[in-house]
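> Fold the stuff below for me.
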Amino acid sequence: MTDLMKEPGIEASIEDIVHVPLWRIRLRVAWRSFRKNWALFSENKAGVLGLIIIAIFGIMAISHPILMATAWEGHEEGGKNVYDVRAGADSIIVEKTVVMEVTNRETEISQIEATLLGSGVNIPEIGSVITAPLANPAPPVWSGVPHPHILGTDPFGADIFSQLLFGARAAFLLGAIAALSSVFLATIVGTVAAFYGGTIDTLLMRLADLVILIPLLPLLIVMSGFWEIGLAGLGILIGVLGGLGGTAIILKSQALSVKVKPFIDAARVAGGSDWRIITRHIIPNVLPLSFLYMMFGVTGAIFIEATLSFLGLLSIDASWGIMINIAHTQGYTLQGLKVWWLMAPAGLAITVFSAGFFMVARAMDEVVNPRLRQR
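This next block holds a predicted model:
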């Protein structure tokens, strides 16, 4: 009450305070809490650096469609934009035979690359002949006529910089879907198990134990052999399996500590329903820890996508993992600095992007856990 009377624009009288809309009170409380938490977060330099890294990659993701519609518009050859993330136009087109394992890059193409060059959905048959760019990666060219490539091109003539920007979009989309679905499911499961206990708690926690026992990456590899998995589908799978596993157990322990607080008993005495107590009192107090694990979830999702893309098991247009996959399947993995632009940009992007979210998560951990701030 005293703090509310100190807010600017509010007269210090009981009548005026009573007539303040509830949403304004909640907004001011939320803003006050945000300022306090931001002051704690900003003291962690690694966390601030992580935010800057995430912002840079966000600008990269936003810039790709803008560049395609402005600066890169009109760079057409053979009916295809030179800066398209698939096979670019700055390459020699030849006929190649689809094979399982490439022995001659000039006359053969793997089934995975042939699929990527096409629609990404229809898989060419082994032994069929298709038209494809001659494998000839070009080094970076900052200026030139008619098409500069500041990070060079891949073996199929596609611009590396364009793929790098497009990969940032894919990373944000995958991370958002996986993290949000995982945290949403884990928060619900953990809160319900802690609140009701008994049989419900036993069933949900045994389910969580079972999910923890299942190795996630091998399971996704097996599933990709039976179904076509896209970026959104992969994010949902990672979110569901993560939300039903260890994260749910951790959030349940947090919900148990909230459940025994006096204000929960006061809510029961006041006649609050189970739904109201869970949604209005327990979940809001669990959310800070949920957001912390959401940051860690993004990092895990990016590494899983990169691994599956490297193995050629995802049906998506382009990603950082697919960039590494193309360099590997075309035989450039062990050529080191000779063709550094094929693998270094994508590998560095995966590492730095994941590190940014990890640093933010560690800084948020200090905000959520006061004991860490006392060290």
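> following the longest helix along the chain, which helix or strand shows up next?
As assigned by DSSP state H, the longest helix anywhere in the chain is helix 160-196. Where DSSP states H and E defines the elements, the next helix or strand beyond helix 160-196 is helix 198-213.
> And the contacts of the helix or strand just after that next one?
Counting by DSSP H and E, the element after helix 198-213 in chain order, helix or strand, is helix 216-226. For helix 216-226, the surrounding residues in contact (C-beta atoms under 8 Å, 6 or more residues apart in numbering) are Ile229, Leu234, Leu237, Ile238, Leu241, Gly242, Ile304, Thr307, Leu308, Leu311, Leu313, Leu314. All C-beta spots, glycine's among them, are computed from the backbone N, C-alpha and C.
> what do you get for stretch 281-288?
Contacts of stretch 281-288 (C-beta under 8 Å, 6+ apart): 187, 190-191, 194-195, 251, 254-255, 258-259, 263-264, 267, 272, 364, 367-368.
> What subset of those residues is buried?
187, 190-191, 194-195, 251, 254-255, 258-259, 264, 267, 364, 367-368 (16 or more other C-beta atoms under 10 Å).
> Make a markdown table from the contacts of helix 216-226 and add pLDDT and distance to Leu289 to it.
Listed next are the contacts of helix 216-226 as a markdown table, based on pLDDT from 0 to 100; distance: C-beta to C-beta, whole Å:
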| residue | pLDDT | distance to Leu289 |
| --- | --- | --- |
| Ile229 | 80 | 30 |
| Leu234 | 85 | 25 |
| Leu237 | 87 | 23 |
| Ile238 | 86 | 19 |
| Leu241 | 85 | 20 |
| Gly242 | 82 | 15 |
| Ile304 | 85 | 23 |
| Thr307 | 84 | 27 |
| Leu308 | 83 | 29 |
| Leu311 | 78 | 33 |
| Leu313 | 77 | 33 |
| Leu314 | 76 | 31 |
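> can you name the two of those residues that are farthest apart?
By the measure C-beta to C-beta, Gly242 and Leu311 form the most distant pair in the contacts of helix 216-226, at 20.2 Å.
> more neighbours, those two?
Looking at Gly242 and Leu311 with other C-beta atoms under 10 Å, you find the greater number of neighbours at Gly242, namely 26 against 16.
> Would you verify that the more buried one is located in a strand?
No - assignment of Gly242 by DSSP: H, G, I helix; E, B strand; the rest coil gives helix, placing it outside any strand.
> Could you check how far the closest residue to it other than its chain neighbours is from Asn285?
Once flanking residues are discounted, Gly242 sits nearest to Ser182: 4.0 Å by C-beta to C-beta, 6 or more residues apart in numbering. Distance of Ser182 to Asn285, computed by C-beta to C-beta, to the nearest Å: 19 Å.
> higher neighbour count, those two?
Between Ser182 and Asn285, Ser182 has the larger neighbour count (other C-beta under 10 Å), namely 30 against 17.
> what's the pLDDT at the more buried one?
pLDDT recorded at Ser182 is 87.
> residue contacts, it?
Counting by C-beta under 8 Å, 6+ apart, Ser182 touches Ile238, Gly239, Val240, Gly242, Gly243, Thr247, Tyr293, Met294, Gly297.
> Can you say which of those are buried?
Ile238, Gly239, Gly242, Gly243, Thr247, Tyr293, Met294, Gly297.
> Can you list which of those are found in strands?
Taking DSSP state E, every one of the buried ones among the contacts of Ser182 sits outside strands.
> Closest one of these to Gly167?
Distances from Gly167 to the buried ones among the contacts of Ser182, taken by C-beta to C-beta, are shortest for Ile238, at 17.4 Å.
> Leaving out the residues flanking it, which one is nearest to the residue nearest to the spatial centre of the chain?
Nearest to the geometric centre of the chain sits Gly175, at 1.4 Å (C-alpha atoms, centre = their mean). Nearest residue to Gly175, sequence neighbours excluded (C-beta to C-beta, 6+ apart): Val298, at 3.7 Å.
> where along the stretch 251-375 of the chain do the strands fall?
Remark: no strands are assigned in the stretch 251-375 of the chain by DSSP state E, counting those that start in this stretch.
> what stretches of it score poorly on pLDDT?
336, 369-375 (pLDDT under 70).
> In terms of secondary structure, what does the longest strand seen in the chain contact?
Using DSSP E, we find that the single longest strand of the chain is strand 93-99. Applying 3 or more C-beta pairs under 8 Å, 6 or more residues apart in numbering; DSSP states H and E, we find strand 93-99 packed against strand 108-110, helix 111-117, strand 129-133.
> Ala170 is nearest to which of these?
Using C-beta to C-beta, the helices and strands packed on strand 93-99 put helix 111-117 closest to Ala170, at 13.7 Å.
> Out of the helices and strands packed on strand 93-99, indicate the one that is most buried.
Counting by mean count of other C-beta atoms under 10 Å, strand 108-110 has the highest mean neighbour count of these, with a mean of 23.
> Run the chain-centre distance for that one.
31 Å (C-alpha atoms, centre = their mean, to the nearest Å).
> for stretch 222-237, same thing?
15 Å.
> List the buried residues of that stretch.
Quick answer for stretch 222-237 (16+ other C-beta under 10 Å): Ser224, Ile229, Leu231, Gly233, Leu234, Gly235, Ile236, Leu237.
> give me the number of residues near Met100?
With other C-beta under 10 Å as criterion, Met100 counts 10.
> Then Met68?
Neighbours of Met68 (other C-beta under 10 Å): 18.
> What distance do you get for Asp317 to Ala132?
Counting by C-beta to C-beta, the gap from Asp317 to Ala132 is 17 Å.
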